[in-house]
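[1] With the input below, show me the fold.
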Amino acid sequence: MPPLRYHPGQIAIQEEAKTTHIAERLAYWVGPVAEFAQGADLFLLATANPDNTLSFTVLSGAPPLVEVPNESSRRIRHQPGELREESDLCIRFKPGLAPQVIKPTQCGGLAINLAQARRARINGLLTPHADASELAATETFTLCRKYMAPSLPLDDAPHLGPLTREPLPLNDPWLANVLTRAETAFLASLSPDGGPDVAHRGGPPGFLELDAAARRLTWSEYVGDGVFKSAGNIRANGVMTLLVPDVESGDGVELIGRGEYRNLRAGRNQRLDALEQHREDFPTQGVMTCEIRRAVRLRELIHPRRRLGKTAITSRSTVDKQAPQ
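    Below you'll find the model as predicted:
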């Protein structure tokens, strides 16, 4: 697989945030994606609809939830031209445990284990087969451990959700309660060439703010690795769906609309390191503002989860703790 290639929306934000040097270096980083995929207890998939919106399907339960036929699939580069190991990666889903597609479909994937603070992006082509659907990766990389609220599924059986989708008014009391408690969300965006992407978003309870009357959703984007993959996609075309799971009930909500990202940490010296230790747990990098066009309640999206007592790794944690492991 080639290194990541950044489009103008991502490059513009990297230049604003003074992270161009970091992004160029991370374009060649992947890490142990196959290992993270096999250890995930949530596997989120986003696909595009005919109306250019994005919808989620989520596989939950005890790992391993997926098969990785070639376990050595791993590509690591640290500098341009410095290749340590490279091979293709394919994720296999058993019958009934993948989104319903009738032909090869571009798909954004995120394998994540919240208790272990491990996550990996796996984007590619989802192809249905009689025995097992497969996600052939075209873009893979592991990410840092920050901002993940630790939790465990209460059921080990593999579960594909949601079971049903229902329109939901933005002033629904259940929705307000879910957003007030939420520490975990997932952002689906769309690259200019039509490739879906899924990213984790986490923060303290209340970090997601919905003005139902104005149909406006906002949240702070905290300091990350400096690549701005999701924010750059949204800068390019505005397409976004935010999935907010209710970990207590297992239901969830998709907030579908158009987003706009504004960087707030400009005018600084060029950042040299992807991971930095800050004095704050949640230092703000920018703000995401979204016009929500519709909300959908997802019944039985995931297994209910138990929040663990330990605190999340944040930007105040040491760099060693923040790094993928």
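[2] ok, and the helix or strand in the protein with the lowest average confidence?
    Across the helices and strands of the chain, mean confidence by mean pLDDT, DSSP states H and E is lowest for strand 83-85: a mean of 36.
[3] any low-confidence regions in the stretch 51-200 of the chain?
    Scanning the stretch 51-200 of the chain with the threshold set as pLDDT under 70 gives 70-87.
[4] Could you rerun that using 90?
    69-88, 94-103, 128-132 (pLDDT under 90).
[5] can you give me the strands for it?
    Counting by DSSP state E, counting those that start in this stretch, residue ranges of the strands within the stretch 51-200 of the chain are 54-60, 76-77, 83-85, 90-93, 105-113, 118-127, 133-142, 151-153, 159-161, 164-168, 184-190, 196-202.
[6] CSV please, covering these and showing distance to V244 and mean neighbour count.
    In this view, the C-beta of every residue, glycine as well, is placed from N, C-alpha and C. Formatted as CSV, those follow (distance: least, CB to CB, whole Å; neighbours: other CB atoms under 10 Å):
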stretch, distance to V244, mean neighbour count
strand 54-60, 10, 23
strand 76-77, 33, 18
strand 83-85, 37, 12
strand 90-93, 24, 22
strand 105-113, 15, 24
strand 118-127, 17, 23
strand 133-142, 24, 22
strand 151-153, 14, 19
strand 159-161, 14, 21
strand 164-168, 11, 12
strand 184-190, 5, 25
strand 196-202, 9, 23
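[7] Distance to A312 for those strands - can I get that in TSV?
    As requested, the strands of the stretch 51-200 of the chain are exported to TSV (distance: least, CB to CB, whole Å):
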stretch	distance to A312
strand 54-60	20
strand 76-77	26
strand 83-85	30
strand 90-93	27
strand 105-113	13
strand 118-127	13
strand 133-142	18
strand 151-153	10
strand 159-161	24
strand 164-168	28
strand 184-190	10
strand 196-202	7
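[8] what's the closest of those strands to V68?
    Among those, the nearest to V68 by CB to CB is strand 90-93 (6.2 Å).
[9] quick one: contacts of that closest one?
    Strand 90-93 is contacted from outside by 37, 59, 66-70, 73, 109, 122, 132-137, using CB atoms under 8 Å, 6 or more residues apart in numbering.
[10] Name the nearest of the residues you listed relative to A323.
    Closest to A323, out of all of these and judged by CB to CB, is A37, at 18.6 Å.
[11] Tell me how far that closest one lies from K18.
    Distance of A37 to K18, computed by CB to CB, to the nearest Å: 33 Å.
[12] These two: which is more packed in?
    A37 (31 against 18; other CB atoms under 10 Å).
[13] Hmm, that one is touching V66, no?
    Yes. The criterion here is CB atoms under 8 Å, and A37 meets it with V66 at 5.9 Å.
[14] so L301, which of the three states?
    Using DSSP: H, G, I helix; E, B strand; the rest coil, the three-state assignment for L301 comes out as coil.
[15] can you check I11 too?
    Strictly by three-state DSSP, I11 counts as helix.
[16] who touches stretch 98-106?
    Contacts of stretch 98-106 with the rest of the structure, by CB under 8 Å, 6+ apart, involve 45, 47-48, 57, 59, 107, 123-128, 133, 135, 160, 194-196.
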